[in-house]
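Asks: okay, sequence plus prediction incoming.
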Amino acid sequence: MSRRTLFLTALGLLLLVVTLAGYTKVMARIAPGTPPAMAEASARADAITVDKGARRLTLWRAGLPIRAYDISLGAAPEGHKTREGDERTPVGDYVIDWRNARSFAHLSLHVSYPAHADIAAAEARGEDPGGMIMIHGLPNGWGALGRLHLLWDWTDGCMAVTNAEMAEIWSLVPDGTPITITD
């Protein structure tokens, strides 16, 4: 392959990436997720488990599973998240501590990572533990991909579901819900 062909190919790929990123940002501004109403208190989850190995997120109520979803994880899913940019999904016990109806993806619920132990371990290594771990739908404007997103782990450490599933999760999971993530 000639240098010119290589250069033009690289330039074309760069333009594609910039265009797709721009499209996602524009869609986040003009088509943010509209949050559904919360489900009746008697129907809401009181716990969440995530089995990273099975790529499965389960909502629980009174010790019984009420919903389960296939998920995509971070691009490097094995092991515990230890630093910013490692593209891992953390392992441990956390809490859903806030929600964002206007995120880059269709709705999102924040996982309370990093916990004090995560921060201390990262500081001991001289690293930033990272953060902004969410359960979210597909990037705004990309909802038509639906379950195709499950073909690969593509997030930066989050847990992704389809937009319809995210709307259901949003309505069933109140802030303060504990979430346990295992390998």
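Replies: That came through fine. Numbers count the residues shown, from 1 in each chain.
Asks: in this protein, what residue spans correspond to strands?
Replies: 47-51, 56-61, 64-70, 92-100, 108-111, 134-136, 159-160, 178-182 (DSSP state E).
Asks: the protein: helices as residue ranges?
Replies: 3-30, 116-125, 163-172 (DSSP state H).
Asks: and the last one, C-alpha only, in CSV?
Replies: So that's helix 163-172. The C-alpha trace of helix 163-172 is given here as CSV (Å, rounded to 0.1, in the frame of the first residue of the first chain):
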residue,chain,number,x,y,z
ASN,A,163,-32.9,1.8,25.4
ALA,A,164,-36.2,0.1,26.1
GLU,A,165,-34.5,-2.0,28.8
MET,A,166,-32.9,1.2,30.3
ALA,A,167,-36.3,2.9,30.5
GLU,A,168,-37.6,-0.2,32.4
ILE,A,169,-34.5,-0.2,34.7
TRP,A,170,-34.9,3.5,35.3
SER,A,171,-38.5,3.1,36.5
LEU,A,172,-37.7,0.0,38.7
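Asks: where does the residue nearest the centre of the chain land on pLDDT?
Replies: Closest residue to the average C-alpha location of the chain: Cys158 at 2.9 Å, with C-alpha atoms, centre = their mean. Predicted confidence (pLDDT) for Cys158: 96.
Asks: just name the shakiest helix or strand of the chain by mean pLDDT.
Replies: helix 3-30 (a mean of 60; mean pLDDT, DSSP states H and E).
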